[in-house]
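[1] Structural data only, the sequence is not supplied:
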């Protein structure tokens, strides 16, 4: 039985807080490229926001895909933020995040942020 969600409604969450939570709940693969960019520690919501500001530039309101990068400071994220047809924001492709972080980890991160 799998507990991995493929899509989670995150309309109510701050994207920077979500990115920090995802980053802080996975580990860097032991590769040269990941070690080069790794912080080797958890990141703060402020650092996540600065990262988003630098990499996202401007989000077009007409775009259905927002953006989360494949890797953040050497740690695999792989999930993306996406606007659904219902105009809610979803964390999509969670299976790729869970593949690296552990089964059900994306949903656990979202629930931990909501319960904090």
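    Received it, and whenever you're ready, just let me know what you need. Note that the structure is predicted; figures quoted are calculated from it, not measured.
[2] Nearest spatial neighbour of residue 112, chain-adjacent residues omitted?
    residue 21 (6.7 Å; CB to CB, 6 or more residues apart in numbering). From N, CA and C alone the C-beta is placed, and that goes for glycine too.
[3] Secondary structure element for that neighbour, which one?
    Per DSSP states H and E, residue 21 falls inside helix 15-24.
[4] Spatially, what comes nearest to residue 19 if we skip its sequence neighbours?
    residue 48 is the one closest to residue 19 (CB to CB, 6+ apart), at 4.2 Å.
[5] residue contacts, that neighbour?
    Counting by CB atoms under 8 Å, 6 or more residues apart in numbering, residue 48 touches 16, 17, 19, 20, 23, 72.
[6] ok, so what distance separates the fifth one from residue 87?
    Look at residue 23 and residue 87: by CB to CB, to the nearest Å, they are 27 Å apart.
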